[in-house]
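# what follows is a predicted structure for the sequence shown.
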Amino acid sequence: MTLFSVPELLALPVRMHGIQLGRPVDVLLDERGERVVGLELVCGDRARRFLPFAVAEVRPHEIAVESALMLLDERDLTYYRARTRRLGDAQLVDPRIDEHGLVHGTRTAA
């Protein structure tokens with residue numbers, strides 16, 4: 001199992017067949033904070049988009065997608081923001097994310 005730290009994951013470009021589409025700026029989790037639902041991206045046109053984690057493949061040097069159609073527009077991003085939690089709000093110490101989107105980390109006492 002490969003684990004990625006949050007800074008490592010956020011540093012990876014999102015690419016389709018080698019073409020960079022954007023960069024992740026936030027990780028959105030399910031209500032329990034145990035699984036990644038998707039990534040918030042800033043794309044080349046400066047638009048913010050949502051990438052469902054289930055359609056992405058996290059590789060050592062990129063997050064790969066098969067189609068640019070996988071990136072959902074701002075309206076859809078707003079929908080997912082309202083129904084998920086930001087990883088930064090999950091109160092985890094040194095969280096790590098595996099290639100399946102499971103979050104590994106110790107919860108703080110707060």
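Ah, there it is.

# show me which residues of the longest helix anywhere in the chain are buried.
Ordering each helix of the chain by length in residues (DSSP state H) puts helix 74-83 first. By neighbour count with 16 or more other CB atoms under 10 Å, helix 74-83 contains the buried residues 77, 80, 81. C-beta here means a position set from N, CA and C on the backbone, and glycine is covered the same way.

# my guess is residue 23 contacts residue 40, does it?
No: using CB atoms under 8 Å, residue 23 is not in contact with residue 40; the gap is 10.1 Å.

# more neighbours, the two?
residue 40 (19 against 16; other CB atoms under 10 Å).

# doesn't the more buried one belong to a helix?
No: in this structure, residue 40 is strand, not part of a helix, as judged by DSSP: H, G, I helix; E, B strand; the rest coil.

# and residue 92, what is it in contact with?
When contacts are counted by CB atoms under 8 Å, 6 or more residues apart in numbering, residue 92 is found next to 33, 103, 105, 106, 107, 108.

# identify the bridge partners of it.
residue 107 (DSSP bridges).

# look up how far residue 82 lies from it.
To residue 82, residue 92 is 21 Å away according to CB to CB, to the nearest Å.

# next one: residue 93
Distance of residue 93 to residue 82, given as CB to CB: 27 Å.

# please apply the same query to residue 19.
30 Å.

# again with residue 73
15 Å.

# contacts only, for the residue most central in space within the chain.
The chain has residue 39 as the residue nearest its centroid, 2.7 Å off, counting by CA atoms, centre = their mean. Neighbouring residues of residue 39 by CB under 8 Å, 6+ apart: 9, 14, 24, 26, 27, 28, 50, 51, 53, 56, 63.

# hmm, 10 Å instead?
9-10, 12, 14, 22-28, 49-53, 56, 58, 63, 71, 80, 87 (CB atoms under 10 Å, 6 or more residues apart in numbering).
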